[in-house]
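In: sequence-free structure coming up:
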Ligand SMILES: Nc1ncnc2c1ncn2[C@@H]1O[C@H](COP(=O)(O)OP(=O)(O)OP(=O)(O)O)[C@@H](O)[C@H]1O
Ligand SMILES: Nc1ncnc2c1ncn2[C@@H]1O[C@H](COP(=O)(O)OP(=O)(O)OP(=O)(O)O)[C@@H](O)[C@H]1O
Ligand SMILES: [Mg+2]
Ligand SMILES: [Mg+2]
């Protein structure tokens, strides 16, 4: 009875929220004299009507699946790991080191090492905040935000002063200037893209698409995360500690250890968020490395109602919006910012929608009793 | 260290102080306000617009009202719809970012900066401005800095001495108890959050109009979050928040003035953040969160 | 004075008040009794405007009134002292009292005038209290006085007291009753809710019994008996005599040797629940006590024996129990379970040694309220081999186990998957008792095991504890309910300021004897402690 | 207009993140586009875009424009290097200009034109002006983020100062470690104030939008500031104008305009006309006024103009090799005649 009701909630609320956001978006577009119908037609038509768009959505969703899952783990632990942002960047950098630093390995070995390095780097960056949380009571929201800022500077130092690729070809007489990036990853450290796989089922992906096996790794990880949280003793402890620490302690659960493990797990997952870009599109860590996967991961986790399956849906939705924004921007006069506004309205309205539906369900149950 | 550096520290700490006061007003009423950053962003934009279009006073008003309006969304979401406070705050921060960018394109025809704004006339503190070595500190002071400083004892006074303050605090400590005594819990929470928004808007307005002379995207640089840290460090007290903000401003001033041929400049840029972390690690243990901070209040299941 | 007419209140899945009608007369003390979940608190919350009735009406002095909120109730002269105190620990007594009803000039509180009024009022009804004291520093009894003053300050004529004696020591109850009589004599009307029927018989003029949201009957206290009331409440005769078999104490299973626990000031281990963006949310507001909360305490509990600790709450009982389980560090001394030193060992290790824990605060220490009932039934044993298969929790086997416990302990629930917070207080307590005793522990630490439970449920829990004792297990019982301690225990120790100040065999212990020790009056700190003979005698005791 | 069916030429710009409004780099590119729009009116279609993030998004935007058969696309900033490389390969009919970036192995026939600037030479000239103008013998440089491109500005400036008087002290500060350093006027202002306090009376900034803070500080303290990229005297509020003595001009507008014009003209020209567009590399240096200094605040530089122009011609003639990084700078300083 509880389960069925929850399932209903899980579906209705997001639909309500998306509908409401689309409405708000329309009002804004009307206000600036744009045609919302046209904009939405482009948004959906462009992003869902072309094979390269679909593949691009999958590519854009891949990092968000990881950062979203990282948030889910931390949320379920009752911690707010805003540091996913800094963690995935440090992770990506560490992965890059392993990618260009090691040579002559077969891909089957090199790729896992690069991924492990990504996770390790991110965990390293999460270690201080969780230590401070447990030993000094420093709230993780504040400490991870500080760590994010420290990461930006630290990475800039590593990038610009220590590991800069000094072999870049430049023009004569100061033409061009060396780019602030690491050397390129060895070929064995590049993640294979899905072209062959798609070709096997008769779909030819354009060559400029970078969606890779990390997408499947992300989906598999979502399943794993779901099991960890809901089916394992560790997940049980994690939920118990999150929902009532003192009772968990009384039951002999070492809350601190559970918190540390969960936080580091969250960071490890975060460490994979940057790899899709690193191991496919870029092939090196660059000063232009994408930012905001961490913050978008929060949004995706919220959209997905903190469930692993929801994260995948949320990531795909965000990927679609981002892809749609590219089309809207190029093909209509509507600024891409409308899409950002749409995203935030969606987050807020989804939580409000859940609340409204919960209340509705409650009054319904009350009526049942009265009858 | 000299008066010039102190003046710089004071300027850098003012937005942090205002953000800390903003956070404090909200949290004392039991609502966590991570959305401060967004309220500052929107305050910095509207402050700039108001000042650009009508002059500094209007900039102040626009900035505060803009912050207040965003806070109103936060209040409705958290108080009425019981949305998790942090969730709502994060969403508002994203919203503020998109909205200001959008508005900036519409109003200034460019995404990331406004036109130049008009600041308030600066003040010299009478008497003190004759003392030579103090000069940089007490001359050409922005009135908003003075306003921020005045808000410290004023906040203390209102929170601790007035009926309004007592009720507001009671709601942050034990809303159920307050409710049973006839205190309008929701009204108090709305008041706390709205004041918070207005102060955050003022903080943003200070950045754009007073400190820089224009709005530039991303100019808040996480000061909303740092304000929260200052609030915690200051133990949810206005005077404590002032001390913490000054410390942070001071760290910024140091990072600006520190020159070293040995330490890479990137490490100098870390100073304010590392120092904030260190300070929190050193003191937060004695912090006393308002007992019902961040907890949705619902009248007995109804 | 007030008539309730056909009031009905529904909660999701529950009919809490079902067409309740009753009348309370001016100047009387009117008791309302009933099982857990009978709807007493709900009805009172309706009177105080916290809930709105779904049907029915209320008349005050013959006029129909709509009480749409506490503010309205206050204006109508209705005041309420809640079951769980509604105080703000970090505020002063004065601030707590005047909140919502302040005297002010231009919005600024006039402290002097308010203080004056509070002092006058306190004097009038014989309450001794310092208006400037921080509430967190007050004893429970004093806090209750603040609650009553709060109500009087608002000029209430009708006082509602919901289970006011649950947390008081006998002497404090006596004081409270004296105060109540004074108030009634002064023309105030009082509604009194309680589970302890002796007290009800003592204080009430008339009694109304509720069962399952309905009024079973109202009668003058003189016309009924405790047994009669209990039967009306539960719908069957209730056993007031607990049949105790003779005690056969075995080897000491739990021994505490000069144990000191610093208490809150030094510990505050709990990381906050992560609400506010703040630091730890330990109860740091509590005043730091210079003296350790548990101060060199020694005692031994033998197999086959119930050792009862009597004492006013706040004398270190909480810290003692938490110290045993290393939920607060033991600063010196030794805790031995089954002959093994477990001092400050990890909690899991201590518990694995065969010691069960029924915590005093079931919501804080006992249950994870949002988690399902079956999950709560394995809290702490969730890593046992029988419940885990291939690294995953074996849901089927756990459900089988849970169903068995549910039958054994008569836990009334609709759905194992429902969150445990959906259960009534009594059933929540049964979940804990079932879980803890299911592990066949050698030692049971039961802290306030029947607090807030109705007579039927309380009887059930007490029987289980006696069964443990008869099976040769050691039971340490800590309770603020003196009668419970006296009726169950084989030996009784009185705890005062972190020490056992006196120890008696059960048959010698009487409330009159223990009372003074509990308040520290009779026993100067260094006085010689009468030590009880460890061998108790069997017999009958009354609850 | 002979062939009525011929479609309108389409040209576009993709800005760097941050986009228009920085009053220097991106705005300068936009100025080039504006000039084109004015010149061709509705004979052409134009579009300008801003990436919403780094990485793949840049490539996708370029690709969208190319797919819509844009004739010419300007990618503003070296961060587009990879994206241009990839997209240009797929769309041989679209011409791309890459500002500040360098792509190896291009030639006349490539559909990519890399447009480079000798910022160090321009910076050298304003360095000369700063050295001439300073009374305190202390000048300052405020950079955005520290990396090779911005260091060209720094070393060029310092070389120019040293060329006048090697004893002049140059304070060097950078604002931050992320792209935000180019839009942080507060730090810009505070750094400038520090340099002023330390005695600097001329400050040159190469920090994008952060420079507004530098101007604020300079105007308030009544010392001189030097702008960058575009003529920042023109976009400053009147109260600040007297203190913006000149700007180092990096004519991104010219580069943008040149490129777009050739592309449009080729598209409009009847079939068979020899194309004006040439791919490969184009350096905008002092010779061709690709870099230089602004003269709108004529009063402020009138006393130094002669010296500046003198150096300008020396650089143009190749008599002075202006340093552009630490190594060349150290070598340059070592060769300078020591002044008493
Ligand atoms: N806020 C609520 N939401 C849902 N159900 C509730 C709520 N409050 C009370 N109930 C239910 O209403 C019924 C009556 O509860 P009430 O608190 O009035 O009982 P009570 O007689 O005071 O019990 P106790 O003796 O345990 O204090 C119970 O079944 C309880 O579970
Ligand atoms: N929101 C709710 N939803 C479901 N049940 C609730 C809710 N609020 C309270 N209850 C139930 O109502 C019952 C009565 O609540 P009340 O506040 O009187 O506490 P109680 O059970 O009497 O606790 P105690 O006796 O330990 O003080 C509780 O058992 C509780 O489980
Ligand atoms: Mg009750
Ligand atoms: Mg109860």
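Out: In hand now; what should we look at? What you see is a predicted model, and the numbers here were worked out from it, not measured in a lab. Ligands and ions are numbered 1, 2, ... in the order given.

In: I'd like the distance between the one residue in the stretch 151-300 of chain D that gets nearest to ligand 1 and chain B.
Out: In the stretch 151-300 of chain D, the residue that lies nearest ligand 1 is residue D:180 (49.4 Å; C-beta to the nearest ligand atom). All C-beta atoms are positioned from the backbone trio N, CA, C, and that covers glycine. Distance of residue D:180 to chain B, computed by C-beta to the nearest C-beta, to the nearest Å: 5 Å.

In: quick one, what contacts that residue?
Out: The contact partners of residue D:180, by C-beta atoms under 8 Å, 6 or more residues apart in numbering or on different chains, come to B:218, B:221.

In: And it, what's its pLDDT?
Out: pLDDT recorded at residue D:180 is 84.

In: does it count as helix, strand or coil?
Out: Recorded secondary structure, residue D:180: helix (DSSP: H, G, I helix; E, B strand; the rest coil).

In: Please apply the same query to residue D:79.
Out: Residue D:79 is classified as helix under three-state DSSP.

In: wait, it sits on residue A:290?
Out: No. In this structure, residue D:79 is not within contact of residue A:290 by C-beta atoms under 8 Å, at 11.7 Å.

In: Enumerate the residues of the stretch 101-250 of chain A near chain D.
Out: For the stretch 101-250 of chain A, the residues in contact with chain D (C-beta under 8 Å from any C-beta of the partner chain) are A:152-153, A:156-157, A:160, A:169-171, A:173-180, A:207-208, A:210.

In: Filter the residues you listed down to just the buried residues.
Out: Buried by 16 or more other C-beta atoms under 10 Å in any protein chain shown: A:152-153, A:156-157, A:160, A:171, A:174-180, A:208, A:210, out of those.

In: And those residues, which is closest to residue B:22?
Out: Residue B:22 has its nearest neighbour among these in residue A:152, at 25.1 Å by C-beta to C-beta.

In: In contact with that closest one, which residues are there?
Out: A:86, A:89, D:177, D:178.

In: and if we set it to 10 Å?
Out: Applying C-beta atoms under 10 Å, 6 or more residues apart in numbering or on different chains, we find residue A:152 in contact with A:85-86, A:89, A:291, B:266, B:269-270, B:273, D:176-180.

In: Just the buried ones among those, please.
Out: Of the members of the contacts of residue A:152, the ones counted as buried by neighbours, 16+ other C-beta under 10 Å, are A:85-86, A:89, A:291, B:266, B:269-270, B:273, D:176-180.

In: Which of those sits closest to residue D:115?
Out: Among these, residue D:179 lies closest to residue D:115 (C-beta to C-beta), at 21.1 Å.

In: how far away is that closest one from residue D:22?
Out: 11 Å (C-beta to C-beta, to the nearest Å).

In: any residues in contact with both of these two?
Out: Residues touching both residue D:179 and residue D:22 (C-beta under 10 Å, 6+ apart) are D:16, D:208.

In: doesn't residue B:34 fall inside a helix?
Out: No. Using three-state DSSP, the assignment for residue B:34 is coil, not a helix.

In: quick one, what contacts it?
Out: With contacts defined as C-beta under 10 Å, 6+ apart, the neighbours of residue B:34 are A:80, A:82, A:141, A:145, B:23, B:26, B:74, B:85-93, B:224-225, B:228, B:294, C:277.

In: same check, this time on residue B:185
Out: For residue B:185, the contacting residues are B:29-30, B:79, B:167, B:170-171, B:174-179, B:292, B:297-299, by C-beta under 10 Å, 6+ apart.
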